[in-house]
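K.L.:
predicted structure and sequence below. I'll ask about it afterward.
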Amino acid sequence: MNDTSLPPFHGRFEGYSKLYRALSLFLSGTAIVFLVGFSKLNPHGPANLVLIASLVLLIFLGLFQYLVLFRRLGVRIAEGDSQANFLDKARMDISVIAQTFSIAILILAVQIAILATR
């Protein structure tokens, strides 16, 4: 039975995980803004628009799944059971992976823009 008088456990890496989450959201948002802005400036046919729309959809779906997973792990960690430390480290690792994904998506968006303008 859980003692409700104790504060919820947040884990040692919660601050770092939130920082990486914020950076991931910022970088992915930058990629989306860049792609949408590029699609308005460079209408070179429907192939580019389909590529850009599919990439933006991929970014949105990836971010949504990441935020859902981040929240669910936070709820499990707050329970403070025996797996809380492991889940806290897993949340940190997932946040680092999400940031790496966001950097890769931003680089891909820049490369698409460069190749499409040639």
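P.N.:
Arrived safely, thanks for sending.
K.L.:
any chance you could map the strands in this structure?
P.N.:
All residues of the chain lie outside strands when identified by DSSP state E.
K.L.:
what segments of it are helices?
P.N.:
With DSSP state H applied, the chain shows helices at 14-41, 46-78, 84-116, listed in chain order.
K.L.:
the shortest one vs helix 46-78, what angle?
P.N.:
What it means is helix 14-41. Taking axes from the mean of the first three to the mean of the last three CA atoms, to 10 degrees, helix 14-41 and helix 46-78 form an angle of 170 degrees between their directions.
K.L.:
which elements pack onto helix 14-41?
P.N.:
Helices and strands in packing contact with helix 14-41 are listed as helix 46-78, helix 84-116; criterion 3 or more CB pairs under 8 Å, 6 or more residues apart in numbering; DSSP states H and E. Where C-beta positions appear, they are placed from N, C-alpha and C, glycine not excepted.
K.L.:
my read: I32 touches L58, true?
P.N.:
No. Because the distance of 10.4 Å does not satisfy CB atoms under 8 Å, I32 is recorded as not touching L58.
K.L.:
who's more crowded, the two?
P.N.:
For I32 against L58, the residue with the higher neighbour count under other CB atoms under 10 Å is I32, and the figures read 19 against 13.
K.L.:
ok, that one to S102 distance?
P.N.:
Taking CB to CB, to the nearest Å as the measure, I32 and S102 are separated by 11 Å.
K.L.:
need the helices of the chain in JSON lines with mean pLDDT, can you?
P.N.:
Converted to JSON lines, the helices of the chain look like this (pLDDT from 0 to 100):
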{"stretch": "helix 14-41", "mean pLDDT": "86"}
{"stretch": "helix 46-78", "mean pLDDT": "86"}
{"stretch": "helix 84-116", "mean pLDDT": "88"}
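K.L.:
G29: neighbour count?
P.N.:
As a burial measure, G29 scores 14 neighbours (other CB under 10 Å).
K.L.:
how near is it to V96?
P.N.:
18 Å.
K.L.:
which residues touch the nearest residue to R76 once chain neighbours are set aside?
P.N.:
Here the nearest residue to R76 in space, its sequence neighbours aside, is L87; by CB to CB, 6 or more residues apart in numbering that works out to 5.4 Å. Residues in contact with L87, defined by CB atoms under 8 Å, 6 or more residues apart in numbering, are 11, 73, 76-77.
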